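> Just the structure for this:
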Amino acid sequence: MTAHRIFYMKQTTLFLTATLLGQALVSGESVTVDSQADWEKAIASSNGVAVANGTVSPNGKTGQLKTKLKRFDRKRSALSLTIRQSPVWQNWNPIENLGPANLRDAPVLLTVGPGNYWMFGRYGNNKPKAKRGEQAKRLAKFTPQEAKLEGFDMPLQTTRFPNQYNAPGGLNPGKGGYHAWQSRDMKNWVHHGPVTEGFSRWVTSAEWVDG
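Coordinates of the predicted model:
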């Protein structure tokens, strides 16, 4: 016998396919719950969910679904249980870019808490690459201006990169390694400058210490 109890977070949609195979393989018998009609027959109880078009979706923040027990004359074991997630996924909203425009190499994201996000990576100058037989073009002259950004009480300057600002540490010369950026909304980034030397320019993880 088998039963499934499934809990869902807000705005999560799943497409469910459950298959029970055991000694039934010998007789060619199996139990499959796949179609809309199959799921309507298999549901023992539900709370806060809607079953439509082969998907199960919560009506609010949470939902619960429990299927009926499948009984057999003899004991048997399930060999497989498959639950497939629907390609319809409504739990996120796409944006153009999550990190600084000039972030390079393998970035590392550290979420300290809500509204406190850090990104680590190499600092790129976005200098145009030279075509074969031609000289590389120079970056256009840029004069930084004083700026203010909500959530940051330090002096800031604008940069040539969109939605990016330099904190005092961001004005320090690089050391050949990774730099650090901080954001409150994952859109506007404050550059705090270099955090590793050139010999440790490849970083794979980061953690918050003594915070």
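
> mind listing what residue 100 touches?
119, 121, 161, 164, 181, 189, 191 (Cβ atoms under 8 Å, 6 or more residues apart in numbering). Where C-beta positions appear, they are placed from N, C-alpha and C, glycine not excepted.

> do you know how far it is from residue 149?
14 Å (Cβ to Cβ, to the nearest Å).

> One more: residue 58?
36 Å.

> How about residue 127?
For residue 127, the distance to residue 149 equals 26 Å [Cβ to Cβ].

> With residue 164 instead?
Taken as Cβ to Cβ, the span from residue 164 to residue 149 is 10 Å.

> what's the span of stretch 137-154, first residue to last?
34 Å (Cα to Cα, to the nearest Å).

> Run through who's touching that stretch.
115, 125-128, 130, 155-160, 165-168, 182, 184, 188, 190.

> could you pull out the helices for this structure?
24-27, 36-42 (DSSP state H).

> between these, which gets the lowest average pLDDT?
Confidence, taken as mean pLDDT, is least for helix 24-27 of those (a mean of 44).

> In this structure, where is pLDDT below threshold?
Residue ranges of the chain with pLDDT under 70: 1-29, 54, 85-92, 95, 128-131, 133, 136, 211.

> follow-up on the earlier one: of all the contacts of residue 100, which comes closest to residue 34?
Distance to residue 34, by Cβ to Cβ, is smallest for residue 119 among those, at 42.3 Å.

> list the contacts for the closest one?
When contacts are taken as Cβ under 8 Å, 6+ apart, residue 119 is in contact with 99, 100, 103, 107, 108, 109, 110, 180, 181, 182, 183, 189.

> In the biggest strand by length in the chain, which residues are buried?
Secondary structure of the chain per DSSP state E: the longest strand is strand 103-113. Going by neighbour count (16 or more other Cβ atoms under 10 Å), the buried part of strand 103-113 is 103, 107.

> Sweet, I'm off.
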